[in-house]
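A.B. asks: Sequence and predicted structure, then a few things I'm wondering about:
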Amino acid sequence: MTKPVLSEPCIWATVVIIISLIGFLMTGCAREAVNAPPVEVVVEEEGLREVPRDTAVERDADPGNLVVYSGRSETLVDNIIRQFADATGINVDVRYANTGQLAATLLEEGSNSPADLFFAQDPGGLGAVESMLTALPSEILEQVPEWARSPDSKWVGISGRARTVVYNSENLSEADLPEDMFGFTDPKWSGRIGWAPTNASFQTMVTAMRSGWGETRTREWLEGVQANNPKVYTKNTPQVAAAASGEIDVGFVNHYYLFRFLAEEGENFPARNYHPRAGGPGSIVMVSGAGILSSAENEANAERFLRFMLSPVAQQYFAGQTFEYPLVEGVRTQHVLVALDDIVKPALTAGDLTDLAGTQALLQDTGVLP
């Protein structure tokens with residue numbers, strides 16, 4: 001979105017409301033009687049921030065309920081989900097846990113699950129339960145690029161997340177890093193690597209390796225890095241901190257974690273991201289996404305939720321507040337992000353990243369997972 005020249009923040013807030021309402025009308029939400037989105041955003045030189053608003057929102061007399069199983073962190077998405085609830089009056093019950101745990105729970109619960117919608121961190125979690133999801137309306141699916149949605153129309157991407165290598169910028173430059181991820185099997189990286197094998201995004205990257213490289217080369221990569229005695233972490237955030245402190249030289253993470261540190265600690269924070277020059281599975285752009293359960297008791301509200309998450313204002317929330325990539329055209333991204341077109345991405349679709357079970361079996365067979 002082009003930065004407007006405005007003298008008063010309230011004028012821009014009004015513009016955002018109008019644009020967002022048009023977005024809702026275009027996606028078939030006029031019948032839902034939501035007159036405005038719940039977030040206003042001021043575009044400033046330093047990025048985006050929320051501003052208070054008191055615009056009245058017309059609600060249905062009995063808006064009903066929605067049960068969301070969220071594999072996305074509460075700290076990342078609870079605010080935007082609550083604003084959806086405030087705008088619509090829908091009673092939203094969110095149950096937070098790891099994406100893999102929730103997928104396993106859904107499979108165990110089957111048609112008796114109370115969940116209406118599964119909001120997953122990655123395509124692998126959605127693929128694990130795809131047989132439990134219902135086909136989505138085309139007007140929802142077609143709001144995002146083809147690569148960012150289920151090939152069987154069962155789920156839709158909400159935001160984009162690039163895999164990257166975070167490195168200590170005092171000890172290394174990009175020129176010191178290998179062309180692609182396979183270079184980290186070189187013994188010179190022994191004791192210098194961090195990874196998080198239990199993390200869903202890491203497992204999605206390995207799934208991308210299996211799809212792009214094949215099983216044999218992926219096994220060689222896992223065994224090669226394992227031979228280099230990597231330090232094991234539970235998730236992405238501590239890897240970024242460890243890279244900055246010199247505890248490790250490189251870690252395998254999602255792109256946006258670094259930018260939170262930079263926002264809090266300033267440009268002198270001694271870590272940076274590297275998108276491998278030769279591309280490959282270490283440069284995949286994953287999506288967080290959501291699908292509606294076939295057994296959902298509140299299917300209409302679940303569709304309403306998806307339309308809201310793909311509206312301009314919700315997409316701007318992800319771009320401005322969590323440093324993720326929006327999937328809907330016309331949404332302004334943070335200036336610190338590498339443009340998606342500048343990342344040498346592998347020729348994989350979201351559908352190529354769904355075989356979570358096969359990846360976990362390989363990780364266990366190589367001893368990376370117990």
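C.D. replies: Received the coordinates, thanks.

A.B. asks: Now do the SS call for residue 118.
C.D. replies: With DSSP: H, G, I helix; E, B strand; the rest coil as the basis, residue 118 sits in strand.

A.B. asks: Okay, and the beta partners of it?
C.D. replies: Per DSSP bridges, the residues bridged to residue 118 are residue 69, residue 291.

A.B. asks: The stretch 151-300 of the chain: strands as residue ranges?
C.D. replies: Using DSSP state E, counting those that start in this stretch, the strands of the stretch 151-300 of the chain run over 156-168, 193-195, 231-232, 250-254, 271-274, 285-292.

A.B. asks: Mind putting those strands into TSV with distance to residue 363?
C.D. replies: C-betas here are computed from N, CA, C, even on glycine. Listed next are those as TSV, based on distance: least, Cβ to Cβ, whole Å:
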stretch	distance to residue 363
strand 156-168	16
strand 193-195	11
strand 231-232	12
strand 250-254	14
strand 271-274	24
strand 285-292	17
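
A.B. asks: pretty sure residue 136 contacts residue 290?
C.D. replies: No - with contacts counted by Cβ atoms under 8 Å, residue 136 stays clear of residue 290, the gap being 9.3 Å.

A.B. asks: who's more crowded, those two?
C.D. replies: residue 290 (27 against 22; other Cβ atoms under 10 Å).

A.B. asks: for the closest residue to residue 253 other than its chain neighbours, what are its contacts?
C.D. replies: Closest residue in space to residue 253, ignoring its immediate chain neighbours: residue 236 at 4.2 Å, by Cβ to Cβ, 6 or more residues apart in numbering. Contacts for residue 236 (Cβ atoms under 8 Å, 6 or more residues apart in numbering) come out as 196, 199, 201, 251, 253-254, 257.

A.B. asks: what about residue 270, neighbour count?
C.D. replies: 15.

A.B. asks: Geometric centre of this protein: which residue is closest?
C.D. replies: A centroid search over the chain (Cα atoms, centre = their mean) returns residue 288, at 3.7 Å, as the residue closest to the centre.

A.B. asks: Could you measure from that residue over to residue 254?
C.D. replies: Applying Cβ to Cβ, to the nearest Å, the value for residue 288 to residue 254 is 10 Å.

A.B. asks: Now do the shared contacts for the two.
C.D. replies: Listed as contacting both residue 288 and residue 254 by Cβ under 8 Å, 6+ apart are residue 161.

A.B. asks: now the helices for the stretch 51-200 of the chain?
C.D. replies: 74-88, 99-109, 123-128, 138-141, 200-212 (DSSP state H, counting those that start in this stretch).

A.B. asks: buried residues in the shortest one?
C.D. replies: Think helix 138-141. 140-141 (16 or more other Cβ atoms under 10 Å).

A.B. asks: cool, and the longest one?
C.D. replies: Residues 76-77, 79-81, 83-85, 87-88 are the ones in helix 74-88 that count as buried (16+ other Cβ under 10 Å).

A.B. asks: tell me what it is packed against?
C.D. replies: Helices and strands in packing contact with helix 74-88 are listed as strand 65-70, strand 91-96, helix 299-309, helix 312-321; criterion 3 or more Cβ pairs under 8 Å, 6 or more residues apart in numbering; DSSP states H and E.

A.B. asks: send the alpha carbons of the longest one over as PDB?
C.D. replies: Only the C-alpha atoms of helix 299-309 are listed here, as PDB (Å, rounded to 0.1, in the frame of the first residue of the first chain):
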ATOM      1  CA  GLU A 299     -19.400 -23.400   9.600                       C
ATOM      2  CA  ALA A 300     -20.800 -20.000   8.600                       C
ATOM      3  CA  ASN A 301     -18.900 -18.300  11.400                       C
ATOM      4  CA  ALA A 302     -15.800 -20.200  10.500                       C
ATOM      5  CA  GLU A 303     -16.100 -18.900   6.900                       C
ATOM      6  CA  ARG A 304     -16.600 -15.400   8.300                       C
ATOM      7  CA  PHE A 305     -13.400 -15.800  10.300                       C
ATOM      8  CA  LEU A 306     -11.400 -16.800   7.200                       C
ATOM      9  CA  ARG A 307     -12.800 -13.800   5.200                       C
ATOM     10  CA  PHE A 308     -11.800 -11.500   8.000                       C
ATOM     11  CA  MET A 309      -8.300 -12.900   8.200                       C
END
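
A.B. asks: Could I get the buried residue list for it?
C.D. replies: Buried-residue list, helix 299-309, by 16+ other Cβ under 10 Å: 299, 301-309.

A.B. asks: what angle do it and strand 65-70 make?
C.D. replies: Put simply, helix 299-309 runs at 60 degrees to strand 65-70, going by axes from the mean of the first three to the mean of the last three Cα atoms, to 10 degrees.

A.B. asks: what packs against helix 299-309?
C.D. replies: Helix 299-309 packs on strand 65-70, helix 74-88, strand 117-120, helix 138-141, strand 285-292, going by 3+ Cβ pairs under 8 Å, 6+ apart.

A.B. asks: and the ones you listed as JSON lines, adding mean pLDDT?
C.D. replies: Formatted as JSON lines, the helices and strands packed on helix 299-309 follow (pLDDT from 0 to 100):
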{"stretch": "strand 65-70", "mean pLDDT": "98"}
{"stretch": "helix 74-88", "mean pLDDT": "93"}
{"stretch": "strand 117-120", "mean pLDDT": "97"}
{"stretch": "helix 138-141", "mean pLDDT": "96"}
{"stretch": "strand 285-292", "mean pLDDT": "94"}
